[in-house]
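[1] Here is a sequence together with a model predicted from it:
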Amino acid sequence: MTRLLLILCLSTPLTAPIASQGRPMTVHDMMAFRQIKGAKINPSGQWVAYEARPDRGDGSGWVVSTDGKTRREVKRGRKPVFSEDGKWVAFTIAPPFEEMEKAKKDKKPKPGAALMNLASGHVETYERVSKFAFSRTGNALVIEHYPADDGKKNKSGDAPTERRLKLLKLSPQRYEEGYHYATSWALDPKGGWLVAALGDDKQSALIARDLYAFGPGVSTLAERRLLTPLLGDARIANPTFSKDGSRLAWLVAPVTDGKPGPATIWTWDGKGEPAAVEGVKATIPIDAPLEWSPDGARLFFGTRAPTEEPKPATDDAVAKLLDKRTLDVWHADDPFISPHQKKRWKTEKKRTLLAVLHIDDGTVVQLADDALPDVTVPKNARVALATSDVPYRKARTWDLPRRDVYTVDLKTGEQARVTIGARSGATLSPKGGFVAWYDDGHWYLWDTAKKRSRCLTADLGVPFANETHDYPYPAPGYGRAQFEDDDSTVYIYDRYDVWCFPTDGGAPQCLTKGEGRKTRTTSRLVTLDPEGESMAERTGWLATTYSDETKAWGIGRVGEKPLLAGAHKYRVLGHAKETGRILYTRESYREFPDLWVVGYDGKEPVKLTDLGRQTDGIAWGRAELVHWKSTTGEPLDGVVIRPDNYQRGGRYPVVVYFYRKFSQRLHEFNEVVVNHRPCFPYYASNGYVVFLPDVNFEIGAPGPSATRCLVPGIEKLVELGIADPERIGLHGHSWSGYQTAFVITETNAFRTAVAGAPVSNMTSAYGGIRWQTGLSRQFQYERTQSRIGGSLWEARERYIANSPVFLADRIKTPLLIQFGDEDGAVPWYQGIELYMAMRRLDKPCVFLQYRGEGHHLKQYPNKLDYTLKMKAWFDHYLKDAPAPTWITAGQPYRGK
């Protein structure tokens, strides 16, 4: 009955009266509103675990049976993990919210962990837990604690009282043991062994623990094996098992004055004696990654050139002074500009170049080098996929990333070039026979044996480039190619349909039979099991669907009628490997995305949670789709959210919130949080209409494009009898903050506007830095979001014509500007420029500068303050509410 009523409400005409059904939402409601996070289903499909967390305060972990009969709570539980045998679940336990908020940054309390027996519901808790993991069989749990007393011995010379590593045997009998100085550890993927590096740089060893043998009454010698002798002045690191658990590798490096030297690889086959790998000429750092091939026949590892020795001390006074200088040199020919180099440094100083050890003959082949630095570990025994951005690094300042693509022979290290300057990612087939990539509107396939390529899509008469692309760079494709495990087929998407191409040159097939394009419905395969050996195992041929026309989503087998569909959005969260049951959410604007489970046949879905009851008693509002045309005749869609107490013929204040495309949010439940965005039900329940319009952009005219789309949109709301034409407000943040600032230079249709983190002067912003990444902002204007389509010198007039600050004399709309003064995306002085223009021109403007904040506010007092100020601003200008003092007179500086 509830679902029927919901459908009827959603289909109600915009002009129909709706009786008031609740109270206004408050910020107290928003702070207490809980969201579901981290939901998981266990392998048998009998249990689901998740966290319900409020926007502010302590959340709880929950475990529910999928028959709906059992529900258990774990206070402050987060990030649930099930054991593979389905008998246990473990949670991270977050520190109490109040303690976290009061503690100083370097004194924050540490998280803990909780272990629950699913049969009995018994819970055990552990403190100061940095990480934990179940063995593959579920018979053991390993818990790593944060070091107690910094891991140092106490005054009596004894080890710290708390064991750094705990090993819990969970079945058939409970048993626990611990290790003090555990520095690294790993679990055998098959569940048979735990290996741990114990000790410190003075004395260390690697042990292996048999997880089946250890327990009460079992001899220590029978259950534990020393894989290395007790080593002095050495460090052991990164124990790594092969996928089948048959082989183990680790690193050992000598330590001098606390610094590890070049490492040696050790291996063990689980039977004989461990052995060091001889004949590796390259330098292996102690932090090098190790990874086995799936069959355990090859070990991939990282090499690194030796670091330069420090210069000897000098008595020269000038040299000593120069050593203290604080200088960065910016050279015009640097591959990366200086700020970007700094952001990359933590990664670059740890970068290694991939090499491979062939276990059968002991040969080592260097696969990566400085010119071809990025090589991916392959599944096959023949070739690896490698890419290089080296030729394009300088151009990254003003262009998007590009890469040359190669294959590298695992036996010889020979490189074969596949393509150059690729803008999209390439995919190597599992057996190594083919590479697929997208370029300039088509998909290509490279045969690694024949070393030649062919175009897959040229003769199909179907576009594979993004059809709604409106940026000044070549249109990308839709996602990445996916291969069958035997290399026989590659799967590719167009805008709507799913295609499969035989790699032997056979005729392609549209798995969705072209129905997607006919009905404007997009299908996308869902990854249910990333470790599956075939596409059938990985996806179960399950797909989500999305209708361009109705904005509704569904779930079903690819090419068939959806199993779940309607005026909702569906998200697949997981599936039970043993039974195939699917965990998903269903939502709409009014329906909270509670958790559901359903069989693979789509029959008898079961609702597991009821957090939707949080909306009870609140006048949530109702969402509907509207259509109009831009001033240039382009058809556009948007979402109108109207108050529950909407009356036919009424004229309501409207808050317009936008970015680029928002009509797909028709069936989305708006996240109820306090942040930099207007919360839709907060405004709808307080008597506003909220309008979410789509915007199409013309390259070279991003500002006027917004005006062409937005103004006819609000005119449509006036025509429908919804909007009061004298009480319409505009809100945008970041990219739409810029658009907001520009639109009000071209129209007086908006009574007021709020612009968060807006660019106001494209000429000065063009030469700025995105400090969060260290990248120049030039690429953004020439190639991406800002859509100018040329450099400042090629398109000078476009930069000026699209900059609000040069047109500020035309503004008549009261403007609220918001910025964090540590914004890493948009330089906050862009807000200053706009504010100074408005001030000089005597225009109504208030500038909110939040100290120590970035692009999006993070500190809760600031988020709350902005939420309240934004609402007060709109209430004053759109509802004639009394203006607070900060609007009428500002807020003088008083020393804080």
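    Good, I have the coordinates. Residues are numbered from 1 along each chain as shown.

[2] Can you show me the helices along the stretch 401-550 of the chain?
    Along the stretch 401-550 of the chain, the stretches classed as helices by DSSP state H, counting those that start in this stretch are 515-519, 535-539.

[3] Also the stretch 751-896 of the chain?
    Using DSSP H, counting those that start in this stretch, helices in the stretch 751-896 of the chain cover 762-766, 778-782, 796-801, 829-840, 860-879, 885-888.

[4] Can you say which of the ones you listed is nearest to Ala741?
    Closest to Ala741 of the helices of the stretch 751-896 of the chain is helix 829-840 (CB to CB; 6.1 Å). Every residue, glycine included, has its C-beta placed from N, CA and C.

[5] returning to what we had before: how about the helices of the stretch 401-550 of the chain in TSV, adding mean neighbour count and distance to Thr92?
    Formatted as TSV, the helices of the stretch 401-550 of the chain follow (neighbours: other CB atoms under 10 Å; distance: least, CB to CB, whole Å):
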stretch	mean neighbour count	distance to Thr92
helix 515-519	16	41
helix 535-539	16	28
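
[6] neighbours of Trp735, just the number please.
    The local packing of Trp735 (other CB atoms under 10 Å) involves 23 other residues.

[7] okay, the helices of the stretch 751-896 of the chain, which one's buried deepest?
    Each of these was scored by mean neighbour count; the highest is helix 778-782, a mean of 23, by mean count of other CB atoms under 10 Å.

[8] Just list what that helix packs against, helices and strands only.
    helix 762-766 (3 or more CB pairs under 8 Å, 6 or more residues apart in numbering; DSSP states H and E).

[9] ok, residues contacting the helix it packs on?
    If you take CB atoms under 8 Å, 6 or more residues apart in numbering as the criterion, helix 762-766 is touched by 759, 777-778, 781, 786, 788, 792, 799-800, 802-803, 826-827, 829-830, 833.

[10] before we move on, what about stretch 280-288?
    So stretch 280-288 is contacted by 235, 237-238, 251, 253, 260, 262-265, 301-306, 350, 352-353, 355, 357, 364, 366 (CB under 8 Å, 6+ apart).

[11] which of these count as buried?
    235, 237-238, 251, 253, 260, 262-265, 301-304, 352-353, 355, 357, 364, 366 (16 or more other CB atoms under 10 Å).

[12] circling back: which one of the helices of the stretch 751-896 of the chain lies nearest to Ala436?
    Per CB to CB, nearest to Ala436 of the helices of the stretch 751-896 of the chain: helix 778-782, 26.7 Å.

[13] residue contacts, Ala39?
    Here Ala39 is in contact with Val48, Ala49, Tyr50, Leu573, Gly574, Leu583, Leu595 (CB under 8 Å, 6+ apart).

[14] ugh, wrong one, Val365
    So Val365 contacts Ala355, Val356, His358, Leu410, Lys411, Thr412, Gly413 (CB under 8 Å, 6+ apart).

[15] quick one, phi psi at Glu101?
    For Glu101, the backbone dihedrals (degrees, to the nearest 10) come out as phi -70, psi -30.

[16] Please tell me how far it sits from Leu666.
    37 Å (CB to CB, to the nearest Å).

[17] Of those two, which one has the most company?
    Leu666 (23 against 12).

[18] Does the more buried one touch Ala623 like I think?
    Yes: judged on CB atoms under 8 Å, Leu666 makes contact with Ala623 at a distance of 5.8 Å.

[19] Show the buried residues in the contacts of Ala39.
    Using 16+ other CB under 10 Å, the buried members of the contacts of Ala39 are Val48, Ala49, Tyr50, Leu573, Gly574, Leu583, Leu595.

[20] List just the nearest of those residues to Leu385.
    Checking the buried ones among the contacts of Ala39 one by one against Leu385 (CB to CB), the nearest turns out to be Gly574, at 28.8 Å.

[21] Stretch 171-189 - what's its average pLDDT?
    Stretch 171-189 shows a mean pLDDT of 88.

[22] That stretch: end-to-end distance?
    This stretch, stretch 171-189, spans 18 Å end to end (CA to CA, to the nearest Å).

[23] which parts of that stretch are buried?
    Within stretch 171-189, the residues that qualify as buried are 175, 177, 179-189, counting by 16+ other CB under 10 Å.

[24] For the stretch 51-200 of the chain, which segments count as strands?
    Counting by DSSP state E, counting those that start in this stretch, the stretch 51-200 of the chain has these strands, from start to end: 60-65, 71-75, 77-82, 88-93, 112-117, 123-126, 129-134, 140-145, 165-169, 175-179, 182-187, 193-199.

[25] helices or strands next to the longest one in the packing?
    Applying 3+ CB pairs under 8 Å, 6+ apart, one finds that strand 193-199 makes contact with strand 182-187, strand 203-210, strand 234-241, strand 248-256.

[26] Those: which one's closest to Lys879?
    Closest among the helices and strands packed on strand 193-199, using CB to CB: strand 182-187, at 60.4 Å.

[27] between the closest one and strand 248-256, how many degrees?
    Interaxial angle of strand 182-187 relative to strand 248-256 (axes from the mean of the first three to the mean of the last three CA atoms, to 10 degrees): 170 degrees.

[28] rewinding a little: tell me which two in the contacts of helix 762-766 are the farthest apart.
    Ile788 and Tyr829 (19.7 Å).

[29] Leaving out sequence neighbours, find the closest residue to Thr707.
    Nearest non-adjacent residue to Thr707, counting by CB to CB, 6 or more residues apart in numbering: Glu746, 4.6 Å away.

[30] What about Gly615, how many residues nearby?
    One thing to correct before we go on: residue 615 is Thr, not Gly. Neighbour count for Thr615, taken as other CB under 10 Å: 20.

[31] meant to ask about Pro681, not that
    Neighbour tally, Pro681, other CB under 10 Å: 27.

[32] now it: how far from Asp548?
    Distance from Pro681 to Asp548, by CB to CB: 26 Å.

[33] swap in Tyr493?
    Taking CB to CB, one finds Tyr493 at 15 Å from Asp548.

[34] The two - which one has more neighbours?
    Tyr493 (22 against 16).

[35] Quick check, pLDDT for the more buried one.
    98.

[36] and it, what is it in contact with?
    Gly477, Tyr478, Gly479, Trp499, Arg524.

[37] What subset of the residues you listed is buried?
    Gly477, Tyr478, Trp499, Arg524.

[38] With adjacent residues omitted, what lies nearest to the last one?
    This points to Arg524. Thr544 (5.4 Å).

[39] Including pLDDT, could the contacts of Tyr493 go into a markdown table?
    Shown next, in a markdown table, are these (pLDDT from 0 to 100):
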| residue | pLDDT |
| --- | --- |
| Gly477 | 97 |
| Tyr478 | 97 |
| Gly479 | 95 |
| Trp499 | 98 |
| Arg524 | 97 |
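
[40] if you look at those residues, which of them are in strands?
    Tyr478, Gly479, Trp499, Arg524 (DSSP state E).

[41] and the two most separated of those?
    Spanning the widest gap among the ones in strands among the contacts of Tyr493 are Trp499 and Arg524, at 12.5 Å by CB to CB.

[42] Stretch 750-768: which residues count as buried?
    In stretch 750-768, counting by 16+ other CB under 10 Å, buried: 750-762, 764-766, 768.

[43] just the CA coordinates of it, formatted as CSV?
    What follows is stretch 750-768, C-alpha atoms only, in CSV (Å, rounded to 0.1, in the frame of the first residue of the first chain):
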residue,chain,number,x,y,z
PHE,A,750,17.3,36.4,-9.4
ARG,A,751,16.4,38.3,-6.2
THR,A,752,19.6,37.2,-4.6
ALA,A,753,22.6,34.8,-5.1
VAL,A,754,25.0,32.8,-3.0
ALA,A,755,28.4,31.9,-4.6
GLY,A,756,30.7,29.5,-2.8
ALA,A,757,34.4,29.4,-3.9
PRO,A,758,33.8,31.2,-7.2
VAL,A,759,36.3,32.1,-9.8
SER,A,760,35.7,35.8,-10.6
ASN,A,761,38.7,36.7,-12.8
MET,A,762,39.7,34.0,-15.4
THR,A,763,42.8,36.1,-16.4
SER,A,764,44.3,35.9,-13.0
ALA,A,765,43.0,32.4,-12.1
TYR,A,766,44.5,31.0,-15.3
GLY,A,767,48.0,31.6,-14.0
GLY,A,768,47.2,30.3,-10.5
